[in-house]
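Peer 1: I need the structure of the sequence given here:
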Amino acid sequence: MLRLYDSRLSGNAWKVRILLTQLGLPFERVTLDLAKGATADPAFRAKSRFARVPVLELEDGRTIVESAAIMFYLAEGTPLLPDDRFLRAEVMGWLTFEQADLLRALALPRFYNLRGIAGQMATRIADFQEGAYPALDKAEAWLSTHDWLVAERYTIADIGLFGYVSMAHQGGYEMQRFPSIDAWIARVKAQPAWVPLVEETKS
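Peer 2: Predicted coordinates:
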């Protein structure tokens, strides 16, 4: 069985969980406590060359690191990754854009808010927002005329962009400025077998 190493609030790991669930692939979830330094453990470092989640461990023990690489691997041969070379490049373009232009700028202000230190990090948050708002404007412009990011259908490009963009408000971003992004987020959440970041426990 596939084994996914993740953490409870990781947006990058969330993307992989969404994809695994939507593809109907059985997997074991190993949730690491990042606050306790779990990624520094030598056993985990042997699985993750970059010492971070997510990590997908295959049945034969090999591991794949980085959310975009994991999603490409899992989506191969499914409708969530186009066969056409140009469209596959379009998917990679969006995944690269998310990691380069949005990931840190959205994830870290959210982390500061969750830790209760947003006030003392206000200057850094403002610096992040200076770069991220123009990037969000680009996504908003695209989604104002397209339902989906690539080929007018739901793909791993949408899953990849969705993670941290859907949680940007937790970092103080004024997401009401982006109505097309908001509508797109709702479309992603409406897909079959979608899973929330934190699943409710059953009593």
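Peer 1: All the helices of the protein, residue numbers only.
Peer 2: Under the criterion DSSP state H, the chain contains helices at 11-22, 42-45, 67-75, 85-97, 103-115, 122-143, 156-165, 179-189.
Peer 1: So which bits of the fourth one are buried?
Peer 2: Applying a neighbour-count criterion of 16 or more other CB atoms under 10 Å, one finds Leu87, Arg88, Glu90, Val91, Met92, Trp94, Leu95, Phe97 buried in helix 85-97. The way it works is simple: take the backbone N, C-alpha and C, and place the C-beta from them, glycine included.
Peer 1: Going by distance to Arg153, which of those residues wins?
Peer 2: Comparing the buried residues of helix 85-97 against Arg153 with CB to CB places Leu87 closest, at 9.5 Å.
Peer 1: pretty sure that closest one is touching Val150, no?
Peer 2: Yes - contact criterion CB atoms under 8 Å: Leu87 and Val150 qualify, at 5.8 Å.
Peer 1: quick revisit: let's have the helices of the chain in TSV, adding mean pLDDT and distance to Leu58.
Peer 2: Formatted as TSV, those follow (pLDDT from 0 to 100; distance: least, CB to CB, whole Å):
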stretch	mean pLDDT	distance to Leu58
helix 11-22	96	13
helix 42-45	92	16
helix 67-75	97	9
helix 85-97	98	21
helix 103-115	93	25
helix 122-143	97	32
helix 156-165	97	18
helix 179-189	98	27
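Peer 1: With respect to burial, which of these scores highest?
Peer 2: helix 156-165 (a mean of 26; mean count of other CB atoms under 10 Å).
Peer 1: Now do that helix: which elements does it pack against?
Peer 2: Here helix 156-165 is seen to pack against helix 11-22, helix 67-75, helix 85-97, helix 103-115, helix 122-143, helix 179-189 when contacts are counted using 3 or more CB pairs under 8 Å, 6 or more residues apart in numbering; DSSP states H and E.
Peer 1: What are the contacting residues of it?
Peer 2: 11-12, 14-15, 18-19, 67-68, 71-72, 75, 80-81, 90-91, 94-95, 97-98, 102-103, 106-107, 110, 136, 139, 148-150, 181, 184-185, 188 (CB atoms under 8 Å, 6 or more residues apart in numbering).
Peer 1: For the residue lying closest to Arg187 once chain neighbours are set aside, grab the count of nearby residues.
Peer 2: Spatially, and ignoring its direct neighbours in sequence, Arg187 is nearest to Asp147 (6.6 Å; CB to CB, 6 or more residues apart in numbering). Close neighbours of Asp147, defined as other CB atoms under 10 Å, add up to 13.
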